[in-house]
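Colleague: turn this into a model:
(chains A and B)
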Amino acid sequence: AQSVTQLGSHVSVSEGALVLLRCNYSSSVPPYLFWYVQYPNQGLQLLLKYTSAATLVKGINGFEAEFKKSETSFHLTKPSAHMSDAAEYFCAVSVVGSGNTGKLIFGQGTTLQVKP
Amino acid sequence: GAGVSQSPRYKVAKRGQDVALRCDPISGHVSLFWYQQALGQGPEFLTYFQNEAQLDKSGLPSDRFFAERPEGSVSTLKIQRTQQEDSAVYLCASSPRVAGGVRGTGELFFGEGSRLTVL
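Modeller: Residues are numbered from 1 along each chain as shown, chains lettered A, B, ... in the order given. Coordinates of the predicted model:
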């Protein structure tokens, strides 16, 4: 069975500091992987996705993530945090074999706090 | 509006009441999904429609949950005889692609959700 684990339910960084949000997955076959962001009182928005092309994926708002098969990881990074990055971030994997790439398994989420 | 619209945004129900949650997807989107997000958790898949056809309802937690999309656009999620454990945010998402298409992007456009509280 597939699963997604996000390490750290809360991450706090200073403005301008590196952002690192961790995601590990479990899948018997190469998965499709996603990062979504949820700002307060808004719907989830796709940040970036990995679909077996380049292992380093660039997304919106300066975020990027690297797919590492050997580590079964898909960590999200941003070189310099901005106050507007404060939000909840979800890592997700498509359910393999479902024939439905929109059927996702989400991690529990990581709340990013950015301090001035 | 251009986005996915859900109503009501907030619903308080007494245990045992029936509730109906509405989703207006982005116009022309073929695929529509419902997810349930409990407090402090990530969203969990409930059901999937391709146009008017409900192709996957494997995530519906019980037969008290029912979803429909009769004309392939607006969808309604109905919960009968609500229980306290049904309290959650119900998220609707749509996609312009048929799920499972070649290199399906998996990009879903989410609404803001309907927060259901069952007392």
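Colleague: residue A:67 belongs to a strand?
Modeller: Yes - read with DSSP: H, G, I helix; E, B strand; the rest coil, residue A:67 is one of the residues of a strand.
Colleague: now do the contacts for it.
Modeller: If a contact means CB atoms under 8 Å, 6 or more residues apart in numbering or on different chains, then residue A:67 has A:33, A:50, A:55, A:56, A:57, A:73, A:74 as its contacts. C-betas here are computed from N, CA, C, even on glycine.
Colleague: ok, the residues you listed vs chain B, which is closest?
Modeller: Comparing the contacts of residue A:67 against chain B with CB to the nearest CB places residue A:33 closest, at 9.0 Å.
Colleague: touching, that closest one and residue A:96? I think so.
Modeller: No - using CB atoms under 8 Å, residue A:33 is not in contact with residue A:96; the gap is 11.4 Å.
Colleague: who has more neighbours out of the two?
Modeller: The residue with more neighbours, out of residue A:33 and residue A:96 and counting by other CB atoms under 10 Å in any protein chain shown, is residue A:33; that gives 25 against 16.
Colleague: give me the beta-bridge partners of that one?
Modeller: Beta bridges link residue A:33 to residue A:50, residue A:93, judged by DSSP bridges.
Colleague: how far away is it from residue A:39?
Modeller: With the distance defined as CB to CB, to the nearest Å, residue A:33 ends up 21 Å from residue A:39.
Colleague: grab the most central residue of the chain for me.
Modeller: Reading this off chain A. Nearest residue to the geometric centre of chain A (CA atoms, centre = their mean): residue A:35, 3.3 Å.
Colleague: meant chain B, my bad for not saying
Modeller: With distances taken as CA atoms, centre = their mean, the residue of chain B nearest its centroid is residue B:34 (2.7 Å).
Colleague: quick one: that one is in a strand?
Modeller: Yes - Residue B:34: assigned to a strand according to three-state DSSP.
Colleague: got the contact list for residue 3?
Modeller: If you meant another chain, say so; for now it's chain A. Neighbours of residue A:3 in contact, by CB under 8 Å, 6+ apart: A:25, A:26, A:93, A:105.
Colleague: wrong chain, I was asking about chain B
Modeller: By CB under 8 Å, 6+ apart, the neighbours of residue B:3 are A:43, B:26, B:109, B:111.
Colleague: and if we set it to 6 Å?
Modeller: When the contact criterion is CB atoms under 6 Å, 6 or more residues apart in numbering or on different chains, residue B:3 has no partners at all.
Colleague: so which bits of the host helix or strand of residue A:76 are buried?
Modeller: Remark: residue A:76 resides in strand A:73-78, with elements defined by DSSP states H and E. Across strand A:73-78, burial judged by 16 or more other CB atoms under 10 Å in any protein chain shown covers A:73, A:74, A:75, A:76, A:78.
Colleague: stretch A:82-99 now?
Modeller: Within stretch A:82-99, the residues that count as buried by 16+ other CB under 10 Å are A:85-96, A:98.
Colleague: show me the shaky parts of chain A.
Modeller: Judged against pLDDT under 70, the low-scoring parts of chain A cover residues A:97-99.
Colleague: try it again with 80
Modeller: A:1, A:28-30, A:52-53, A:95-101 (pLDDT under 80).
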